[in-house]
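K.L.:
Provide a 3D model corresponding to the input given below.
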Amino acid sequence: MMELAADIIVSGYTLEERIGAGAAGEVWRAHYGDQKVAIKFMSDVPDPNGKFARSIQAEVQALGLIQHPNIPHLFDYDLQSTRRYVVMTLAEGMSWDVLIASGAAFNLRLDARLELLRQIADALTAVHQQGIIHRDVKPGNIRGTQHPMLLDFGVAIRQQEMSTASSQVGTGLYMPPLGDALDEHSDTFGFAIVAYEMLFGRHPFYDPANPPTLLDETRRMTTLRLRQHDWYAPTRLNVAEVPTDLRGVDLGRLEAMFVRAFGPRHSRWPDLEAFLQALRETVLTPENAPYLDQARPPKFDEGEALKQAHYTDHALAEHEATQHPNSPNRQRLFWSGLMVAVILFSLVWLLIMTHYTI
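P.N.:
This is a model prediction of the structure:
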């Protein structure tokens, strides 16, 4: 098994330092001559169900199809060795989950944050145009403010595979309500949550005081909060919770933008470009212009509660909650079925023998 360490050379790439790690593998900063790259290595733990192998293969297949300046370029890969890997563009800068949770997002002007969102929206549109569903759009999978990158295609699939795909893949806090199909519209739903966070500095549905744990439980929370209008809607925030660079905005109109983005599939924005254009026209107004240079993080009642692990996990490698699900263990299913059959047969035989004995 390949041992990873600084200064080790892998297919001509010199490893520098590990910059991310997760259950599915680890990511290293490396260079090839003057070119800086990121290398994602598959985990070296046993992978009997092949989920780690499928994850890195999905990354290779997606990056090989998509050419976009805000998506890592695929340089090289090895899917045959014992320690499979993929080489891609190195994404520089802070992960957006850290950017939001730390309040550093408000060091950027509102128009600059909207421009970053536009670039990621354009990247996600390019993904969908190639017939690919990302399935894990969230701040932790976006990095950088100079040149933002949409990352982590380890659970991405082709659109034609959706009918047989598991619904237990993704990050629950960025998935649509229960009952919604998990397709390109679920990607855009996740993006709308990211946009809300970049504007308001908090998740629209998540309550740190009462966090859900299971994926379906999280989606059920989203469903109920939207149905009951029990979310952090802009018009329901107190003054301290509204970022200072939104103080001149018509919050009712801004809320309507997100109500549509979070609403039923058939009534959502036709595309991300239309959604972002509506946001720009709503917040970049003459009335709000005096506030654009006064950006300060809002103050929440939860205080430090937002800075939980969910918001500060900024590893580049896949989070355990977003891996491919395990494949069924056919041998285990066979023996379990056989055991059930034996037990049932024994019970029937016992009843028959008891009847004839009487």
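K.L.:
mind pulling up the phi and psi values for residue 126?
P.N.:
Backbone torsions for residue 126, taken as degrees, to the nearest 10, come to phi -60, psi -40.
K.L.:
wait, what's in contact with it?
P.N.:
66, 67, 68, 71 (Cβ atoms under 8 Å, 6 or more residues apart in numbering). Heads up, the C-betas are built off the backbone N, CA and C, glycines and all.
K.L.:
what does residue 260 give?
P.N.:
Residue 260 makes contact with 267, 268, 269, according to Cβ under 8 Å, 6+ apart.
K.L.:
select only the buried ones of these in ChimeraX?
P.N.:
Burial among the contacts of residue 260 is assessed by 16 or more other Cβ atoms under 10 Å; the matching ChimeraX selection reads:
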select :268,269
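K.L.:
out of the contacts of residue 260, which comes closest to residue 116?
P.N.:
The closest of these to residue 116 turns out to be residue 269 (Cβ to Cβ; 18.5 Å).
K.L.:
pLDDT wise, what is that closest one at?
P.N.:
On the pLDDT scale, residue 269 is placed at 94.
K.L.:
just residue 341 next, same as before
P.N.:
pLDDT at residue 341 comes out at 67.
K.L.:
same question, the one 4 residues further on
P.N.:
According to the predicted model, the pLDDT of residue 345 comes to 71.
K.L.:
give me phi/psi at it?
P.N.:
Here the main-chain torsion angles of residue 345 (degrees, to the nearest 10) amount to phi -60, psi -40.
K.L.:
next up, the contacts around it.
P.N.:
Counted by Cβ under 8 Å, 6+ apart, residue 345 has zero contacts.
K.L.:
ok, it to residue 351 distance?
P.N.:
Distance, residue 345 to residue 351, by Cβ to Cβ, to the nearest Å: 11 Å.
K.L.:
residue 123 sits in which helix or strand?
P.N.:
helix 110-129 (DSSP states H and E).
K.L.:
which neighbours does whichever helix or strand comes after that helix have in its sheet, and in what orientation?
P.N.:
Downstream of helix 110-129, the next assigned helix or strand under DSSP H and E is strand 132-133. If you go by DSSP bridges, strand 132-133 pairs up with strand 157-158 (antiparallel).
K.L.:
what about the stretch 101-250 of the chain, any weak spots by pLDDT?
P.N.:
Scanning the stretch 101-250 of the chain for pLDDT under 70 picks out nothing.
K.L.:
break down it into its helices, ranges please.
P.N.:
Taking DSSP state H, counting those that start in this stretch as the criterion, the stretch 101-250 of the chain carries its helices at 110-129, 184-200, 215-227.
K.L.:
of those, which is nearest residue 166?
P.N.:
Shortest distance between residue 166 and the helices of the stretch 101-250 of the chain, using Cβ to Cβ, is found for helix 215-227: 10.5 Å.
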